[in-house]
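sequence and predicted model, in that order:
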Amino acid sequence: MLSAVEPRTRRTPRSLRSEYEEFIEQRIEEYKDGLPRASILGIGDEAVQELARTEQYQLTEVLLQEQVDSIIRRRLRLPSYRRWRERHLALRAAQAQPSHWGLAPHDPVVALAERIEDQDLVAVVGAADGACALFLAARGATVLVGDPDLAAIEGLENRAIAEQLGSRVECLVVPLETWTPDRAIDACVIETPALAALQAGDRAELIRRLKAVTAAGGHHVVMPAASPGTTKAAPVSSDALRSLYADWEVSRAQPAVPSARRARNVGFMATHPGTSQSETSQAVSQ
């Protein structure tokens, strides 16, 4: 049995004020990115004129930038903190529900969401439809998504921005045969369709690396494919991956209405008994 990595310390939850500031900054930067250089220079000239009218003689680069952002904020009619807070709390309340993302109450990722703390780092293998990654982000996690499909990653990034979760989701286009998160993680979600193109040995090695960088007491969730035939390669059953967690405590998802027959390929959650700090460091460096 491997010895445990020290669990991450409890973090201070994000403040609504800081989330509001991130929202405003993101909208302003998106607006700037869509403007030609001439238009940006024009806003700069307007900012200089406004500052001149306020008898601001010590014009600095920082002051000018703040005035430019103020002009853009007025143009976009961005909400005040009070208005944003009301809408934001309602949005987050909806996003915290599995049904918002098309997830079932018995899906193992829902059980994981009850166990993570604010700003826990969760690695997600495979962008899929984005439901798992965005659901966990809405519940407070910092999510790191790895997938070799550029289109899938771009789709998830765009959806994260639309759901106002862009700052909580980091997406990487990576080959899963060699990918390892570059820092210790608190939990992991494996979307089985993402493993379909991998050889059995590569799947086992990927999971071994992910286990090695998971903090003590962390969890892995293996999600079944939403529907058959979603990949060109033969689908990977979540049941087929259970043997790779023989050294962890595994619990299967239980549908709300149990059937007489034993449910198959419904996914599961495995709880980490612990790995050594030296092994975690080695896995990260590989």
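Nice, thanks for sending it over.

which parts of the chain are strands?
121-125, 142-147, 169-173, 185-191, 214-223, 249-252, 268-271 (DSSP state E).

and the contacts of the fourth one?
Read that as strand 185-191. By CB atoms under 8 Å, 6 or more residues apart in numbering, the residues outside strand 185-191 that reach it are 7-8, 109, 112, 115-117, 120-128, 132-133, 136, 141, 144, 207, 210, 213-215, 218-223, 241. For every residue, glycine as well, the C-beta is placed using N, CA and C.

strand 142-147 and that strand, what's the angle between them?
Strand 185-191 runs at 40 degrees relative to strand 142-147, counting by axes from the mean of the first three to the mean of the last three CA atoms, to 10 degrees.

can you check the first one too?
What separates the directions of strand 121-125 and strand 142-147 is an angle of 20 degrees, with the same axes, to 10 degrees.

give me the neighbour count for Leu198.
Applying other CB atoms under 10 Å, we find 18 residues neighbouring Leu198.

the one 4 residues further on too?
For Asp202, the tally of surrounding residues (other CB under 10 Å) stands at 15.

try the one 3 residues further on
Here the neighbour count serves as a burial measure; for Glu205 (other CB under 10 Å) it reads 17.

next: Leu156.
Number of residues near Leu156 (other CB under 10 Å) recorded here: 24.

what of Glu86?
Glu86, neighbours per other CB under 10 Å, totals 11.

could you pull up the residues touching it?
Going by CB under 8 Å, 6+ apart, Glu86 touches no other residue.

kindly recompute the last result at 10 Å.
With contact taken as CB atoms under 10 Å, 6 or more residues apart in numbering, Glu86 is in contact with Pro79.

how about the strands of the chain in JSON lines, adding distance to Ile153?
Converted to JSON lines, the strands of the chain look like this (distance: least, CB to CB, whole Å):
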{"stretch": "strand 121-125", "distance to Ile153": "11"}
{"stretch": "strand 142-147", "distance to Ile153": "5"}
{"stretch": "strand 169-173", "distance to Ile153": "5"}
{"stretch": "strand 185-191", "distance to Ile153": "13"}
{"stretch": "strand 214-223", "distance to Ile153": "18"}
{"stretch": "strand 249-252", "distance to Ile153": "29"}
{"stretch": "strand 268-271", "distance to Ile153": "25"}
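
and the residue most central in space within the chain, how far from Asp202?
For the chain, the residue nearest the mean C-alpha position is Val143 (2.6 Å; CA atoms, centre = their mean). Separation of Val143 from Asp202 (CB to CB, to the nearest Å) stands at 23 Å.
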